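Asks: sequence and predicted structure are below.
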Amino acid sequence: MPTFDNPLADAAEASEALRGLAHATRSWDDPADTYRVIGELAAGVRSLHQILGQLATAHSRRHDQVSTDDGDRAAGAQAALAAAAGFERAAALIDQADDQLSAAFVQSGRIVWHPRPIPAERWITVVFLQGEEADRPLRILGELGHVDAVDYLAQWDYGDETTQAALENGYVYDEPGAGTNDRVMPSGDYALVVNPHLGYVSLLRRHTEPAPETDEPESPTPTQGGPELLMSYSSPGAPRRTTTPPKQEASWFEPAKITAVKQARGL
């Protein structure tokens, strides 16, 4: 809180407040708040102009009471007057800044901020494994952690194919992990869902749905390679994949990467 009578304490608090404001204004939750902040800054700039004038006065009025470090009074008086002139020039520049800030304040006041449309974000199932099929990713999870388990399960993600299959079969969710005992572990755009009671593991991927368009949407182009590729993932009630994931020459402790799988499939 300002003291109104201790310049040292108030200067330190003002410096800290400006430092905090500089950090806080790096991003805005509501850009409409900028108007109020500009108003506060305008008041602060006028106070800064007053402070500079008062600093100039303090140096000029008492220039006959000063000296340099080596005791030279004439040189000290000259330095005090030079400092006062510098403060006065700074105050004049602050006047110009105040004019520009006030003009910008008026223009900002004419703005009506509209909310930015937020794309709908949902989650699609990439793969669902249960029972013995879940043993391997669960072992990786226990021994190496959830990031490696996600990397292993990501080999079932074929990008647009997986997205299209999930959308067609309804494996799209508002949030990953809907079960009572589901444990959700996010990793980038993926979420690993584990339910130790039911013995299943599932990998979901974040999917941002495009904004609705007024024009009639085009019919999706059938994916080349046949329906067996469209159903290249496992989920409750879905047909089993007709092909097995590509085997790695390295140990299974080395997580399978999506790019490697796509290269192997020629995607």
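Replies: Perfect, I can see it now.

Asks: dump the residue contacts of the spatially closest residue to residue 90 that is not a sequence neighbour.
Replies: Nearest non-adjacent residue to residue 90, counting by Cβ to Cβ, 6 or more residues apart in numbering: residue 52, 5.1 Å away. Where you see a C-beta, it was placed from the backbone N, CA and C, and this is true even at glycine. By Cβ atoms under 8 Å, 6 or more residues apart in numbering, residue 52 lies in contact with 87, 88, 90, 91, 94.

Asks: pull the number of nearby residues for the last one.
Replies: The number of residues packed around residue 94, counting by other Cβ atoms under 10 Å, is 20.

Asks: please flag which of the contacts of residue 52 sit within strands.
Replies: Applying DSSP state E to the contacts of residue 52, no entry is found in strands.

Asks: let's have the residues you listed in CSV, adding distance to residue 190 and pLDDT.
Replies: What follows is the contacts of residue 52, written out as CSV (distance: Cβ to Cβ, whole Å; pLDDT from 0 to 100):
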residue, distance to residue 190, pLDDT
87, 59, 97
88, 62, 97
90, 55, 97
91, 58, 97
94, 53, 96
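
Asks: ok, the residue nearest to residue 90 to residue 3 distance?
Replies: Using Cβ to Cβ, to the nearest Å, residue 52 is found at 20 Å from residue 3.

Asks: on that earlier part again, among the contacts of residue 52, which are in helices?
Replies: Using DSSP state H, the members of those that fall within helices are 87, 88, 90, 91, 94.

Asks: quick check: closest non-adjacent residue to the second one.
Replies: Right, residue 88. For residue 88, the closest residue by Cβ to Cβ, 6+ apart turns out to be residue 56, at 4.8 Å.

Asks: returning to that earlier point: distance between the helix or strand where the residue nearest to residue 90 lies and the chain's centre?
Replies: Assigned by DSSP states H and E, residue 52 falls within helix 34-61. The chain centroid and the centroid of helix 34-61 are separated by 35 Å under Cα atoms, centre = their mean, to the nearest Å.

Asks: for that helix, which positions count as buried?
Replies: Neighbour counts over helix 34-61 (16 or more other Cβ atoms under 10 Å) mark 34, 38, 41-42, 45, 48-49, 51-53, 55-56, 59-60 as buried.

Asks: format the residues you listed as TSV; extra columns: pLDDT.
Replies: Output for the buried residues of helix 34-61, formatted as TSV (pLDDT from 0 to 100):
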residue	pLDDT
34	95
38	96
41	95
42	95
45	96
48	96
49	96
51	97
52	97
53	96
55	97
56	97
59	96
60	95
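
Asks: which of those lies closest to residue 117?
Replies: residue 34 (20.1 Å; Cβ to Cβ).

Asks: OK, contacts around that closest one?
Replies: Residue 34 is in contact with 28, 108, counting by Cβ under 8 Å, 6+ apart.

Asks: any idea how far it lies from residue 27?
Replies: Residue 34 sits 12 Å away from residue 27, going by Cβ to Cβ.

Asks: same check on residue 134?
Replies: The gap separating residue 134 from residue 27 is 41 Å, by Cβ to Cβ.

Asks: then residue 47?
Replies: Distance, residue 47 to residue 27, using Cβ to Cβ: 26 Å.

Asks: show me the strands in the stretch 51-200 of the chain, by range?
Replies: Along the stretch 51-200 of the chain, the segments classed as strands by DSSP state E, counting those that start in this stretch run 120-130, 172-173, 183-187, 190-195, 200-209.

Asks: so how far is the second one from its chain's centroid?
Replies: Yep, that's strand 172-173 we're talking about. The mean C-alpha position of strand 172-173 is separated from the chain mean by 24 Å, Cα atoms, centre = their mean.

Asks: right, and residue 32 touches residue 113 too?
Replies: Yes. Residue 32 is in contact with residue 113 according to Cβ atoms under 8 Å; the separation is 4.5 Å.

Asks: OK, contacts around the nearest residue to residue 75 once chain neighbours are set aside?
Replies: Sequence neighbours aside, residue 68 is the residue nearest to residue 75 in space, at 4.7 Å (criterion: Cβ to Cβ, 6+ apart). If you count contacts by Cβ under 8 Å, 6+ apart, residue 68 has them with 75, 76, 79.
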